[in-house]
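Q: just need the structure, nothing else, for what follows:
(one chain, ligands or ions: 1)
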Amino acid sequence: MPELPEVEALAAFLQEHAVGRTVTRLDLAAVQAIKTFDPPLSSLAGLEVTGATRHGKFLDLDVSGLHLVVHLARAGWLHWREGLPTAPPKPGKGPLALRVHLAGGPGRDGEANGFDLTEQGTRKGLAVYVVRNPAEVPGIARLGPDALELDVEQLGALLAGRHAQLKGTLTDQTVLAGVGNAYSDEILHAARISPFKMADKLTDDELLRLHAALREVLTGALDRQLGQRAATMKGEKRAGLQVHARTGLPCPVCGDTVREVSFADTSLQYCATCQTGGKPLADRRMSKLLR
Ligand SMILES: [Zn+2]
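A: Presented below is the predicted three-dimensional model:
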């Protein structure tokens, strides 16, 4: 799932490539992706892209005062396309959700480029909104403060009242905006704190480590993403990960085997030596995976 660093890098990419161009056409291929009807999607046609930014994990394209807001969900992505096909895509076929055609811009006469929003898999969650104000998107209105804009005192105040496990707290967008399943694993590993630690039970030292890890992991990932072509960003994310999606592989810090706790529809990865004093966390599937 794209998280703060990926979405921030996509926004930076679009600032460079889409701002100053005019939306000429939008092809909606996945009808369920569009969540708003007023203003209609077609109202963006003919308008210039004037900005690209991010709210948590939401991407926000400012199109002359209207906002095309995108949530990429679990398996969504944005692919920049040089030269888009003029024939409209067949609705409901393949991963394409929305195609945005762009034209013009300084020194770009005659170029017909744009981007595709795609989503792999059968569980469709990618969401597109056209709004006059980004705060009209319910998920944006509910966002907590941005993960990269918190100082250590603010983070401490945020967690102090939360009697819940850190893993779930860090990924709750209403508490903290931008961190998802992958980077929460990475942040907790870098901070050397158990994912099951209660948020309101952090020591001062743990809070300092958590804040430092939050910044380090997110800015490190962002640095790796920036300047990447949108098409290659996903691979870069995986390359920078220490524990997430690395079950059974050695921890790069200590060499212990990365372990996993699985839930109904998700899982977390961690290193017992680095994070839980060497004690494996309870998991019903773990005994099968590791011997
Ligand atoms: Zn380790």
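Q: quick check: K35 touching G125?
A: No - in this structure, K35 is not within contact of G125 by Cβ atoms under 8 Å, at 11.1 Å. Where you see a C-beta, it was placed from the backbone N, CA and C, and this is true even at glycine.
Q: and stretch 28-41, C-alpha only, in CSV?
A: Once non-C-alpha atoms are left out, stretch 28-41 reads as follows in CSV (Å, rounded to 0.1, in the frame of the first residue of the first chain):
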residue,chain,number,x,y,z
LEU,A,28,-13.4,6.2,-16.1
ALA,A,29,-12.8,2.5,-16.5
ALA,A,30,-13.8,1.3,-13.0
VAL,A,31,-17.1,2.9,-12.2
GLN,A,32,-16.9,2.0,-8.5
ALA,A,33,-13.8,4.0,-8.1
ILE,A,34,-15.5,7.4,-8.3
LYS,A,35,-17.1,8.4,-5.0
THR,A,36,-18.6,11.8,-5.8
PHE,A,37,-20.9,13.0,-8.5
ASP,A,38,-21.0,16.8,-8.0
PRO,A,39,-19.0,18.3,-9.5
PRO,A,40,-18.9,15.6,-12.2
LEU,A,41,-15.6,14.1,-13.3
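Q: and the gap between the closest residue to D172 other than its chain neighbours and Q32?
A: Distances taken as Cβ to Cβ, 6 or more residues apart in numbering put G144 closest to D172, at 7.6 Å, once the chain neighbours are dropped. G144 is 27 Å from Q32, where distance means Cβ to Cβ, to the nearest Å.
Q: kindly report the same for V137.
A: Taken as Cβ to Cβ, the span from V137 to Q32 is 16 Å.
Q: so those two - more neighbours on which side?
A: Set V137 next to Q32 and count neighbours by other Cβ atoms under 10 Å: V137 wins out with 23 against 13.
Q: quick one: the more buried one and L68 touch, right?
A: No - counting by Cβ under 8 Å, V137 does not reach L68; the two are 10.9 Å apart.
Q: which residues in the stretch 101-250 of the chain form helices?
A: 138-141, 152-160, 166-171, 181-191, 204-225, 233-239 (DSSP state H, counting those that start in this stretch).
Q: so which of the ones you listed is the most surrounded?
A: Highest mean neighbour count of the helices of the stretch 101-250 of the chain: helix 181-191, a mean of 25 (counted as mean count of other Cβ atoms under 10 Å).
Q: which elements pack onto it?
A: helix 166-171, helix 204-225, strand 267-270, helix 272-275 (3 or more Cβ pairs under 8 Å, 6 or more residues apart in numbering; DSSP states H and E).
Q: give me the residues contacting the second one.
A: When you say that, I think you mean helix 204-225. Around helix 204-225, the neighbours that count as contacts under Cβ atoms under 8 Å, 6 or more residues apart in numbering are 4-6, 8-9, 147-148, 150-152, 155-156, 159, 166, 178-179, 183, 186-188, 190-193, 197, 202, 233, 236-237, 239-240.
Q: tell me what angle that helix forms with helix 181-191.
A: Angle, helix 204-225 to helix 181-191, by axes from the mean of the first three to the mean of the last three Cα atoms, to 10 degrees: 130 degrees.
Q: tilt between helix 204-225 and helix 152-160?
A: Using the same axes, to 10 degrees: helix 204-225 against helix 152-160 is 110 degrees.
Q: please compute how far helix 204-225 lies from its chain's middle.
A: Counting by Cα atoms, centre = their mean, to the nearest Å, helix 204-225 is centred 16 Å from the centre of its parent chain.
Q: again, but for the first one
A: Distance, stretch centre to chain centre, for helix 166-171: 15 Å (Cα atoms, centre = their mean).
Q: wait, isn't V130 in contact with L28?
A: No - in this structure, V130 is not within contact of L28 by Cβ under 8 Å, at 10.9 Å.
Q: any common contacting residues for these two?
A: 34, 41.
Q: out of those two, which sits in the busier spot?
A: V130 (24 against 19).
Q: any idea how far the ion is from the more buried one?
A: 46 Å (Cβ to the ion, to the nearest Å).
Q: report the beta-bridge partner residues of that residue.
A: L68 (DSSP bridges).
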